[in-house]
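Predicted model, plus sequence, below.
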Amino acid sequence: IIEAGQPEHSVVTTCAYCGVGCAFTAEMQGTEVVRMTPYKDGKANHGHSCVKGRFAWGYATHKDRITKPMIRKQITDPWREVSWEEAIAYAASELKRIQATYGRDSIGGITSSRCTNEETFLVQKMIRAGFGNNNVDTCARVCHSPTGYGLGQTFGTSAGTQDFDSVDETDVIMVIGANPTDAHPVFASRMKRRLRQGARLIVADPRRIDLVKSAHIKADHHLPLKPGTNVAIVNAMAHVIVTEGLAADDYIRERCDLPEFSRWAAFIADPRHSPEAVESLTGVPAAEVRGAARLYATGGRAAIYYGLGVTEHSQGSTMVMGMANLAMLTGNIGRRGVGVNPLRGQNNVQGACDMGSFPHEFTGYRHVSDTNTRQLFEAMWGVPLSAEPGLRIPNMLDAAVEGTYKGIYIQGEDIAQSDPDVKHVTAGLAAMECVIVQDLFLNETASYAHVFLPGSSFLEKDGTFTNAERRISRVRRAIPPKAGYADWQVTMMLSEALGYKMGYTHPSEIMDEIARTTPTFKNVSYQRLEELGSVQWPCNDAAPEGTPIMHIDRFVRGQGRFMITEFVPTDERTGPRFPLVLTTGRILSQYNVGAQTRRTDNIAWHDEDLLEIHPSDAENRGIRDGEWVALHSRSGEISLRARISDRMQPGVVYTTFHHAETGANVVTTDYSDWATNCPEYKVTAVQVRRVNHL
Ligand code: SF4
């Protein structure tokens with residue numbers, strides 16, 4: 001007799017929430033998970049976990065799970081439960097009808113950063129080979145696409161440069177636009193341990209986040225910049241390093257493109273980039289910027305860790321290049337303890353990007369116009385492939401509103417809640433003739449769907465996730481799929497109903513195909529993952545056990561390339577009607593749109609989105625702590641309760657977007673990064689007023 005809580009057996013798998021990618025043991029009684037405990041040999045977490053991960057298994061068995069496929073002709077009709085056969089046949093016939101009527105490019109799809117590498121690979125394969133176009137995109141579009149562009153331009157690959165263990169050898173930690181305590185808690189603990197050992201700390205963030213000052217930790221420099229001025233700050237730091245003679249000249253001579261460096265050095269030395277010149281623009285005292293620049297350049301091994309406060313701006317890509325410039329300028333790339341490290345939001349956002357989820361790239365970041373790569377896939381997949389980049393998510397929605405894009409397959413994404421300017425998103429979805437949503441729950445996007453295909457949780461399937469340090473880890477099936485099929489099987493069924501056969505019998509076969517077609521994954525296989533536990537790409541003949549540190553002897557692109565990073569202010573402006581700036585983020589106990597965490601015990605710790613507001617802004621508006629306020633912008637209006645906090649700077653308010661009832665993205669703008677269309681979630685001009693909540 002097994003007592004309650006005593007496991008009969010256990011399965012080692014990977015957390016399905018954030019980009020840290022903690023390994024867990026799912027403890028089982030029969031086919032039920034009874035507990036999840038952090039796996040002591042997990043290389044990303046070394047036996048630690050956070051409150052989100054520990055309770056993650058709860059949503060897998062939540063009563064809201066949809067386990068039967070459903071269809072409806074109109075989105076105003078009630079859902080009708082149908083067999084898998086009928087749902088797949090209906091979805092395929094609708095997609096075929098739309099393409100026959102409106103053309104090959106009138107449909108597309110969105111992959112999920114919460115699904116496995118193998119599943120995202122299959123979705124993009126179905127779209128490229130089955131739909132016959134490149135209209136595939138991923139939620140990385142709205143988070144780290146500028147990382148892909150910026151690091152690609154400067155270093156030659158979008159990969160984060162270090163493993164997490166590297167922080168143990170860092171002397172100066174610079175955190176920019178990230179709040180790891182809330183968003184990447186297990187890595188934040190690693191970082192704090194290093195800080196307690198004596199590493200120095202620079203934080204650039206509009207809010208006084210926990211890292212700035214907490215028990216045993218105090219930042220040497222906090223740069224409380226005005227939202228939207230990141231590039232001016234990073235340029236000012238580089239200006240100080242160049243003009244004060246603190247650059248790593250030998251490193252630059254050996255490792256970087258010298259003509260590009262000379263051009264950039266002349267640009268950055270201009271006095272208009274000095275901390276004094278941009279002080280009123282950024283709101284950061286020049287002395288703090290000078291101090292931070294000197295510490296970063298001379299304090300030993302310096303590592304940058306950054307998050308969505310960098311990327312989700314109209315100059316997200318410029319800022320990523322600015323940080324890369326800073327690292328090359330000081331020789332802080334290519335060894336332990338240094339680097340430029342994106343803290344990825346979702347568990348498999350790195351993997352989704354690696355797996356060819358962008359409309360212009362095959363797996364391994366190879367452009368669709370590259371003839372050799374295209375021929376490789378054409379030979380493997382047996383069909384001609386388009387050399388034309390497809391539509392990005394915002395372009396799909398624009399085209400839908402314009403009437404040329406009519407059908408979409410969305411796996412594991414809730415764009416009607418997570419993407420900016422919700423009115424535009426929902427207008428696009430409502431204009432389509434066939435929206436197919438594959439998810440665990442009837443999410444906001446499903447309100448606009450004609451076909452709902454039940455998804456499978458991470459506990460119900462085999463596969464791999466790739467975390468923020470490029471670590472590929474196994475996801476192992478602990479319980480059978482609640483709806484009968486894992487997500488990869490559903491995509492395969494849809495593809496085959498469309499007439500494009502796939503025929504895999506296990507996700508390991510999909511990984512084998514990825515390895516055969518993707519140089520950075522050449523030596524990755526399930527067998528190798530069993531032997532090594534996990535592996536960091538590139539994993540090839542040159543590095544058969546993976547690559548913890550990138551760019552050691554040379555950059556992926558050869559020589560590092562300094563890029564001109566001119567500061568251009570966002571078009572989103574404050575004024576008399578909208579005098580405050582809203583910026584958004586996350587909280588420890590919740591994960592993204594909350595679809596999962598709101599269905600676990602985590603809900604007990606944070607059950608609503610609050611508006612943080614500085615005491616002076618609250619007082620000016622007669623707002624008391626806990627009162628309901630209306631938050632309105634040029635895009636829309638929402639109501640939520642106020643939390644008065646001196647963590648905020650005057651003129652800036654902050655909220656999270658975990659609850660559909662609040663709908664924070666109703667107010668965010670449709671401005672986006674110039675290079676990648678990553679939305680500018682972090683800067684919205686707003687007004688706040690006290691209201692009586694009904
Ligand atoms: Fe680890 Fe992130 Fe999961 Fe927390 S949410 S357990 S830090 S992977």
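Done, it's in.

Residue 99 contacts residue 131, doesn't it?
Yes - using Cβ atoms under 8 Å, residue 99 is in contact with residue 131, at 7.4 Å. All C-beta spots, glycine's among them, are computed from the backbone N, C-alpha and C.

list residues touching both of the two?
residue 107 (Cβ atoms under 8 Å, 6 or more residues apart in numbering).

what about these two, which has more around it?
Set side by side, residue 99 and residue 131 show more neighbours around residue 131, with 25 against 19, by other Cβ atoms under 10 Å.

Please identify the buried residues of stretch 212-228?
Within stretch 212-228, the residues that count as buried by 16 or more other Cβ atoms under 10 Å are 212, 219, 220, 221, 222, 223, 224, 225, 226, 227, 228.

got the end-to-end distance for that stretch?
One end of stretch 212-228 sits 20 Å from the other (Cα to Cα, to the nearest Å).

Let me see the mean pLDDT of it.
Across stretch 212-228, the average pLDDT comes to 92.

Over to stretch 124-140?
Stretch 124-140 comes out at a mean pLDDT of 94.

Centre of the chain to it, how far?
19 Å (Cα atoms, centre = their mean, to the nearest Å).

and if you look at stretch 223-242?
Its chain's C-alpha centre and that of stretch 223-242 lie 23 Å apart, by Cα atoms, centre = their mean.

Which single residue in the stretch 51-200 of the chain comes nearest to the ligand?
residue 53 (2.3 Å; Cβ to the nearest ligand atom).

If I look at that residue, what pLDDT would I see?
The model's pLDDT for residue 53 equals 77.

Could you list which residues are in contact with it?
15, 17, 22, 24, 36, 38, 186.

what comes up buried for the helix or strand hosting it?
Using DSSP states H and E, residue 53 sits in helix 51-54. By 16+ other Cβ under 10 Å, the buried positions in helix 51-54 come out as 52, 53, 54.

how far does the next helix or strand after it sit from the chain's center?
Using DSSP H and E, the helix or strand that follows helix 51-54 towards the C-terminus is strand 70-71. Taking Cα atoms, centre = their mean, one finds strand 70-71 lying 30 Å from the centre of the chain it belongs to.

Could you spell out the sheet neighbours of strand 70-71, each with its direction?
Here strand 70-71 has these sheet partners by DSSP bridges: strand 80-81 (antiparallel), strand 451-454 (antiparallel).

deepest of those strands, which one?
Mean neighbour count, computed with mean count of other Cβ atoms under 10 Å, is highest for strand 451-454 among the strands paired with strand 70-71, reaching a mean of 25.

Report the beta-bridge partner residues of residue 656.
Bridge pairing for residue 656 - DSSP bridges - gives residue 585.

tell me the contacts of it?
Taking Cβ under 8 Å, 6+ apart, one finds 584, 585, 586, 587, 590, 609, 610, 664 in contact with residue 656.

tally of neighbours for the first one?
Put plainly, it is residue 584. 22.

before we move on, the earlier item: looking at the contacts of residue 656, which gets the smallest pLDDT?
residue 587 (66).

and the helix holding residue 53, C-alpha only, in CSV?
The C-alpha trace of helix 51-54 is given here as CSV (Å, rounded to 0.1, in the frame of the first residue of the first chain):
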residue,chain,number,x,y,z
VAL,A,51,7.8,28.5,-6.3
LYS,A,52,6.5,28.5,-9.8
GLY,A,53,8.2,25.3,-10.9
ARG,A,54,7.4,23.3,-7.7
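
Distance check, residue 285 against the ligand.
Separation of residue 285 from the ligand (Cβ to the nearest ligand atom, to the nearest Å) stands at 34 Å.

Spit out the contact partners of that residue.
residue 279.

and if we set it to 10 Å?
By Cβ atoms under 10 Å, 6 or more residues apart in numbering, residue 285 lies in contact with 223, 224, 275, 276, 279, 291.

what does residue 329 give?
237-238, 241-242, 246-249, 251-252, 256, 261, 264-265, 268, 296-297, 560, 562.

Ramachandran angles for residue 13?
phi -140, psi -170 (degrees, to the nearest 10).

Could you report the neighbour count for the residue lying closest to it once chain neighbours are set aside?
Spatial nearest neighbour of residue 13, chain neighbours left out: residue 476 (4.7 Å); criterion: Cβ to Cβ, 6 or more residues apart in numbering. The number of residues packed near residue 476 is 16, by other Cβ under 10 Å.

for residue 270, same thing?
12.

My read is that residue 525 contacts residue 512, right?
Yes - with contacts counted by Cβ atoms under 10 Å, residue 525 reaches residue 512, the gap being 6.4 Å.

Just put the contacts of residue 285 in a markdown table and tack on distance to residue 200 and secondary structure.
Formatted as a markdown table, the contacts of residue 285 follow (distance: Cβ to Cβ, whole Å; DSSP: H, G, I helix; E, B strand; the rest coil):
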| residue | distance to residue 200 | secondary structure |
| --- | --- | --- |
| 223 | 14 | strand |
| 224 | 18 | coil |
| 275 | 19 | coil |
| 276 | 24 | coil |
| 279 | 23 | helix |
| 291 | 11 | helix |
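
of all the residues you listed, which two lie farthest apart?
224 and 276 (17.2 Å; Cβ to Cβ).

hang on, residue 33 in a strand?
Yes - Residue 33: assigned to a strand according to DSSP: H, G, I helix; E, B strand; the rest coil.

So in terms of bridging, what pairs with it?
On the basis of DSSP bridges, residue 33 takes part in beta bridges with residue 28.

That one and the ligand, how far apart?
Distance, residue 33 to the ligand, using Cβ to the nearest ligand atom: 15 Å.

does that residue really touch residue 58, like I thought?
Yes - contact criterion Cβ under 10 Å: residue 33 and residue 58 qualify, at 9.0 Å.

between those two, who's got more neighbours?
More crowded of residue 33 and residue 58, by other Cβ under 10 Å: residue 33, with 22 against 17.

related to what we said a few turns ago, most neighbours among the contacts of residue 53, which one is it?
With neighbours taken as other Cβ under 10 Å, the top of the contacts of residue 53 is residue 15, carrying 31 neighbours.

and that residue, what does it touch?
21-24, 36, 38-39, 42, 44-45, 49-50, 52-54, 56, 186, 347, 458, 465, 467, 473, 475, 591.

and those, which of them are in helices?
52, 53, 54, 186 (DSSP state H).

Farthest pair within these?
So for the ones in helices among the contacts of residue 15, where distance means Cβ to Cβ, the most widely separated pair is 54 and 186, at 11.0 Å.

Spell out which residues of the stretch 51-200 of the chain are next to the ligand.
Counting by Cβ under 6 Å from any ligand atom, the stretch 51-200 of the chain comes close to the ligand at 52, 53, 184, 185, 186.

Can you pick out the most distant pair from those residues?
53 and 184 (11.3 Å).

Overlap in contacts, those two.
What both residue 53 and residue 184 touch, as defined by Cβ under 10 Å, 6+ apart, is the set 17, 18, 20.

give me the subset of those touching the ligand.
Near the ligand, by the rule Cβ under 6 Å from any ligand atom, you find 17, 18, 20 out of the shared contacts of residue 53 and residue 184.

hmm, back to that, in CSV, list the shared contacts of residue 53 and residue 184 along with pLDDT.
Output for those, formatted as CSV (pLDDT from 0 to 100):
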residue, pLDDT
17, 85
18, 87
20, 92
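
Could you list the low-confidence segments of this structure?
1-5, 142, 587-589, 591-595, 598, 601-606, 658-663, 693-694 (pLDDT under 70).

chain center to whichever helix in it runs longest, what's the gap?
The residue-count maximum for a helix in the chain (DSSP H) belongs to helix 84-102. Centroid displacement of helix 84-102 relative to its chain, using Cα atoms, centre = their mean, is 31 Å.
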